[in-house]
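1. got a predicted model here, sequence first, then my questions.
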Amino acid sequence: MSLFYARKLLNLVKADEEKKEEVVENSMENGQALHSGPIHTTKRTSLTGNEKLVDNTHPHKERRGIIANAPVEMDDDDDESLPTFEKSDKSRSFLSRCLSTHFLFEHLGREDMEKVVSAMHSMEANEGDKVINQGDVGELFYVLEEGMCECFVNGQMVCDYSKGGCFGELALIYGDKRAATIQVSSKTAVLWTLDFTTFRRILTTTNSSRMAAKCEFLKGVPLLKPLTNSQITKIASAMKEASFESGEYIIHQGDIGEEFYLIKEGAVRCTQYKGADNREIDLITIGVGEHFGEMALLLDEPRHANCIAEEDVVCYTLERGHFINLFGSLQSLLAERMRIRVLQSVPLLSKLKESILLKLGNRMRVQAFGDGEFIIRQGEEGTRFYIINEGEVRCTRTIEATGEEQELVRLHPQEYFGFLN
């Protein structure tokens, strides 16, 4: 670990002490899933509770409920059959265009895309109808073909949707409660829907299954706990999968860093070349759900360590640009994890709980010494404990009878001294 990086960590510690950094989420990420198609942000109105918009143009006109069309007849004896719903060629073409640009469906082949389009059914709604209610369990994904809809989060309008807008995809991935309310704002609206069960049946044989599995995995990663489902879905969409054989160097110390890694399967051993003889020293071994490679990306420095596949390893990777954009709000947490890892690489501290290591890391500071400079003098009162990060330390004592300086031992990176004072 370079002195520059150590000082960077120190500055982050000080910043954390002054003000605890919060994960910043914009209103869109707080309130809705990823979207595709036309969308417009606005702050011009708000909605509270279960209040509905009033049709002042026709005050006595009875409002129709939401209407969904019936499916084409299916073979009930075939467990593998999928529902199909009639639709015009124009609507089929429209849906194909919309889905082909959506991250959940963009990798589908022609045949699988046809299955999805065929399984979508239409519904009509009137002004004021709530297509989605915040807090309800989500079961449908929507594509808006005609009309306009508005999106409300905790009663505050955050955006609106026009033709081609898609929403509700997080329900297909997580089955979570709705994060926003979607309400029809035009006189009428026509939407196409895909239900959770059908989506799951289709994705088992398509690339969308990888996306869903990736999201489920990321939700269990401790580093990503502060993120919303929408943010996790964005990260999953940008991540790629890479495999490495046992013993293979995933990262070489000194190389330019271009990717961030998250371990999906296996274990990775981290080492570092140190000392005059350039010895390769074991630092730490990390496993499933842990990450590496972020230091070079955050500091724009060469790789500070080697990362070696301890066994066959599968990682999710994120290239530099996506990492900076998507992990910006997690920089303080990433620095916190790095402080813990540095201390875990010290044998004396390796068995301590992370909570204790974090407190210890917050109290430690970086100090550099020149060649030949005294760090501790015999006879002085000891007030500090030292861990060697880089370089070599020579320990000596002066023999009172002769005044001769006697060398006792030489210490190297990850070794420590000063604890007997």
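-> Nice, thanks for sending it over. Since this is a predicted model, take the numbers as computed values, not measurements.
2. hey, let's count contacts and neighbours off CA atoms from now on
-> Fine.
3. output the lowest mean pLDDT helix or strand found in the chain.
-> helix 27-31 (a mean of 36; mean pLDDT, DSSP states H and E).
4. tell me the contacts of the closest residue to residue 336 other than its chain neighbours?
-> Nearest residue to residue 336, sequence neighbours excluded (Cα to Cα, 6 or more residues apart in numbering): residue 358, at 7.3 Å. Contacts for residue 358 (Cα atoms under 8 Å, 6 or more residues apart in numbering) come out as 336, 339-340.
5. among these, which lie within helices?
-> 336, 339-340 (DSSP state H).
6. just name the closest of those residues to residue 298, please.
-> residue 336 (12.9 Å; Cα to Cα).
7. tell me the pLDDT of that closest one.
-> If you check residue 336, the pLDDT there is 72.
8. return the distance of it relative to residue 159.
-> Distance, residue 336 to residue 159, by Cα to Cα, to the nearest Å: 35 Å.
9. which SS state does the nearest residue to residue 315 once chain neighbours are set aside fall under?
-> Nearest residue to residue 315, sequence neighbours excluded (Cα to Cα, 6+ apart): residue 263, at 4.5 Å. Per DSSP: H, G, I helix; E, B strand; the rest coil, the secondary structure class of residue 263 is strand.
10. per-residue pLDDT, residue 263?
-> pLDDT for residue 263: 96.
11. now residue 188
-> 95.
12. partners of it in the sheet?
-> Beta-bridge pairing of residue 188 under DSSP bridges involves residue 126.
13. just to revisit the earlier point, would you mind measuring from the residue nearest to residue 315 to residue 144?
-> 38 Å.
14. settle it for me: which of the two has more neighbours?
-> Set residue 263 next to residue 144 and count neighbours by other Cα atoms under 10 Å: residue 144 wins out with 25 against 22.
15. contacting residues around the more buried one?
-> 161-166, 189-192.
16. strands of the stretch 151-300 of the chain, start to end?
-> 156-161, 166-167, 181-184, 188-195, 240-244, 249-251, 259-265, 268-274, 279-286, 291-292 (DSSP state E, counting those that start in this stretch).
17. from the contact counts, what lies against the third one?
-> Using 3 or more Cα pairs under 8 Å, 6 or more residues apart in numbering; DSSP states H and E, the elements in contact with strand 181-184 are strand 130-132, strand 149-153.
18. distance from it to the middle of the chain?
-> 28 Å (Cα atoms, centre = their mean, to the nearest Å).
19. per-domain residue ranges of this protein.
-> The chain breaks down by automatic domain parsing into domains covering 3-20+226-362, 27-208, 367-421.
20. quick one: closest of the ones you listed to residue 215.
-> domain 3-20+226-362 (5.8 Å).
21. show me where the stretch 201-350 of the chain has its helices.
-> 208-219, 229-238, 294-299, 320-326, 331-344 (DSSP state H, counting those that start in this stretch).
22. out of those helices, the one nearest residue 115 is which?
-> helix 208-219 (13.0 Å).
23. what about stretch 276-290, start to end distance?
-> Using Cα to Cα, one end of stretch 276-290 lies 31 Å from the other.
24. I misspoke; the intended subject was stretch 314-331.
-> So stretch 314-331: terminal residues 24 Å apart, Cα to Cα.
25. picking up where we left off before, and the helices and strands packed on strand 181-184 as CSV, adding mean pLDDT and distance to residue 259?
-> As requested, these are exported to CSV (pLDDT from 0 to 100; distance: least, Cα to Cα, whole Å):
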stretch, mean pLDDT, distance to residue 259
strand 130-132, 95, 38
strand 149-153, 94, 35
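26. most tightly surrounded among those?
-> strand 149-153 (a mean of 25; mean count of other Cα atoms under 10 Å).
27. quick check: angle from that one to strand 156-161?
-> With axes from the mean of the first three to the mean of the last three Cα atoms, to 10 degrees applied, the angle from strand 149-153 to strand 156-161 works out at 150 degrees.
28. can you count the residues close to residue 108?
-> Residue 108, neighbours per other Cα under 10 Å, totals 17.
29. that older thread, now mean neighbour count and distance to residue 412 too, for the helices of the stretch 201-350 of the chain, in TSV please.
-> Formatted as TSV, the helices of the stretch 201-350 of the chain follow (neighbours: other Cα atoms under 10 Å; distance: least, Cα to Cα, whole Å):
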stretch	mean neighbour count	distance to residue 412
helix 208-219	18	38
helix 229-238	20	40
helix 294-299	20	23
helix 320-326	15	33
helix 331-344	19	15
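30. so which of those helices gets nearest residue 152?
-> helix 229-238 (15.7 Å).
31. and the closest one, what does it pack against?
-> helix 27-31, helix 208-219, helix 320-326.
32. contacts for the longest one, please.
-> I take that to be helix 208-219. For helix 208-219, the external contacting residues (Cα under 8 Å, 6+ apart) are 104-105, 107-108, 173-174, 200, 203, 224-225, 229, 232-233, 236-237.
33. swap in 10 Å and give it another go.
-> Contact partners of helix 208-219, identified using Cα atoms under 10 Å, 6 or more residues apart in numbering, comprise 103-108, 170, 172-174, 199-204, 224-229, 232-237, 239-241, 262, 264, 289, 316.
34. just tell me which of the strands of the stretch 151-300 of the chain ends up closest to residue 136.
-> Closest among those, using Cα to Cα: strand 181-184, at 9.3 Å.
35. residues of that closest one that come out buried?
-> Judged by neighbour count using 16 or more other Cα atoms under 10 Å, the buried positions of strand 181-184 are 181-184.
36. coming back round to it: got the strands of the stretch 151-300 of the chain as JSON lines, with distance to residue 322 columns?
-> What follows is the strands of the stretch 151-300 of the chain, written out as JSON lines (distance: least, Cα to Cα, whole Å):
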{"stretch": "strand 156-161", "distance to residue 322": "25"}
{"stretch": "strand 166-167", "distance to residue 322": "23"}
{"stretch": "strand 181-184", "distance to residue 322": "29"}
{"stretch": "strand 188-195", "distance to residue 322": "30"}
{"stretch": "strand 240-244", "distance to residue 322": "11"}
{"stretch": "strand 249-251", "distance to residue 322": "19"}
{"stretch": "strand 259-265", "distance to residue 322": "9"}
{"stretch": "strand 268-274", "distance to residue 322": "23"}
{"stretch": "strand 279-286", "distance to residue 322": "23"}
{"stretch": "strand 291-292", "distance to residue 322": "15"}
